[in-house]
Structure formats: structure tokens, C-alpha cells
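# no letters, just coordinates:
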């Protein structure tokens, strides 16, 4: 496992730097590292590391969502209003519809298979979106119109909606009937996640105000609570979004104790340097390149086609706003 981690960090950082040098996103280099080192190519990543890959990727996702929450101001989201709510589900719906219309013609699959595939493709990756939006916020791009905040909010809720859609379509494919409660669970899990996160954030702000400790200790407390919230999502009998709870814990900590949240955000930024490499290399390691290549040019055309549908969805969300 140790030599595998050495390969992951050294080659991942090198190829990321190389991609940036030629004007490509650094994460492409990390994903390519994973493909290269993964079981479908050179097989240099130890199986013990691959066995805990999903947990390690979740830790990386928790780090970036916590950092996003510590940098998000609720007043910015309130200012955006209606489009922020629409962005949570309308673009994903358009992308799924696009897949249902295009995939049967281009790939010759059934409408139900196309719907399942649409719900996979429509899922937004907060691990990709969050760091980029935070970068835009730090550089001051689009912050006057709250564009990065709008996208961040949409990306965090989009996943909850799309996972429920995927589960419903998969159930239909396996001969089950659609459970109405699955769709009712979407707002319930979001609301419960927000309430739990807000409560934890306020409580932590009070705790940190009255108990002086090193920022590193505060980071460990936040991460431990975040791990607990994510685990809670799997064990609770009621719908609950752990990732939304984590983000709102950061938002309410920032709202109630802005001085400490700024310092903690810097710490999480440093943690993300290593977590990002680990996350995207392990994502790359999951890619079976020979299987992906068999999909051919039609699959690529399909992805671009459904993205046009998603763009139309975003356009509708932003009608009657100040955005050009």
C-alpha cells in the first residue's frame, strides 16, 4: 500500500503539472495516472488500497465540501433566489430527457436503459465543481452576480435528486414498481440535511468561541463529525443527506464565527492538495480503458448531445435574471 501511495502522489502530481503546462485541467493528469497505474493497465496500485478506494474518495469529497461550506455566504444564496432552487434539478431533468431521446437512436438501447444512463451522466461531481467555484470566488470572477455560489448550491443538491432518479429507474428495470416515497424523500433528505448541518454549525461556533484550542484540533473535530454524518446517512431509516449536512455545517460555522472559519478554510485548502490527487487517481483506477474504447464515437457524440440539453435547462433556470 505504501509504495502504491508513493506512485499515486508522485506520478499524479507530475502528470497534473504536465497537463497544466499544455493548458489542460490538472485533474486530467491525475485521472490518467489512475488509468495507467490501475488494475486495467499496469496494475501497480495494491489491492488493499483499491478495496478502501470508495472510503478514501469520500474523505476527499468531505474535505472539499467542508471547505466550500466555510466559504459560502447564505446572504449570497438568498440574493440569487429562484434560479438557485431550479438549478438543483432542472438541468439534470433536461439531461436525462436528452439521453432518453438520443441514446436509443445512437446506441440502440431501450428507453429504460437510456433513462438509467441519463441519471448517471446527469450527476454533477461536487469534487470537480467545488474547487473550481472556490477558485473563482477567491479571484472575484462572477461574485457580483453570485454565479459561483449558484453553481455550488446546485451541484450539492443535484446529486441527491439524481441518485433518487437512478434508484427509481433501476428498480423499474429490475421489475419493481416505482415507489412514490422515493420522490417524497428528495425534499425530506435535503431539509433534514440542512437542519442537521445548521444545528451542528451553530453548536460548533459556540463551542469554539468558549473553548480555545489549536486550529488543527478543530479540523479533527470537524472531520470526525463529518464522517459521523456521512455514516448516519447509511444507517438512518429516514432519508437524510450527509453531504448537504456537512456543507451547511460549514456555512453556519462561517455565519456564526467568521474569524475561525477563515482560518479553518485555509487549513482545509492545504488538506485538499493531497486529497485531490488521491481522489482523482483512484477515480481513474476504476476506468476500464479497453471497455471505454469499445463504446466508440457514438458515445462521445451522445455525451455532447445531452450536454446541449443540459445547457438548455440551465438557460431556462436563469430566465428573467440579470445574467446575459
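That came through fine. Quick caveat: nothing in here was measured; it's all calculated off a predicted structure.

# so what touches stretch 138-145?
By Cβ atoms under 8 Å, 6 or more residues apart in numbering, the list of residues contacting stretch 138-145 from outside reads 76, 136-137, 147-149, 322-323. Backbone N, C-alpha and C define where each C-beta goes, glycine included.

# try 6 Å this time
136-137, 148 (Cβ atoms under 6 Å, 6 or more residues apart in numbering).

# ends of that stretch, how far apart?
Using Cα to Cα, to the nearest Å, the end-to-end distance of stretch 138-145 comes to 14 Å.

# now do the contacts for residue 153.
Contacts were defined as Cβ under 6 Å, 6+ apart; by that measure residue 153 touches 77, 84.

# mind listing what's buried in whichever helix or strand it is part of?
Assessed by DSSP states H and E, residue 153 sits inside helix 147-173. For helix 147-173, the neighbour count (16 or more other Cβ atoms under 10 Å) marks 147-169 as buried.

# what about it, average pLDDT?
Mean pLDDT, computed over helix 147-173, is 84.

# for stretch 84-93, same thing?
The average of the pLDDT scores along stretch 84-93 is 89.

# name the residues that touch that stretch?
77, 122, 150, 153-154, 157-158, 161-162, 310, 313-314, 317.

# just the helices from the stretch 201-324 of the chain, written as ranges.
215-235, 242-256, 258-285, 289-294, 296-317 (DSSP state H, counting those that start in this stretch).

# which parts of the first one are buried?
Just to be clear, that refers to helix 215-235. So for helix 215-235, counting by 16+ other Cβ under 10 Å, buried means 218-219, 222-223, 225-227, 229-230, 233.

# the fourth one too?
Of the residues in helix 289-294, none is buried under the neighbour-count criterion (16+ other Cβ under 10 Å).

# do the same with the longest one
Residues of helix 258-285 classed as buried: 260-261, 264-265, 267-269, 271-272, 274-285 (neighbour count, 16+ other Cβ under 10 Å).

# and it, what does it pack onto?
Under the contact definition 3 or more Cβ pairs under 6 Å, 6 or more residues apart in numbering; DSSP states H and E, helix 258-285 sits against helix 2-21, helix 26-37, helix 53-71, helix 215-235.

# so which residue is smack in the middle of the protein?
In the chain, the residue lying closest to the centroid (Cα atoms, centre = their mean) is residue 126, at 2.0 Å.
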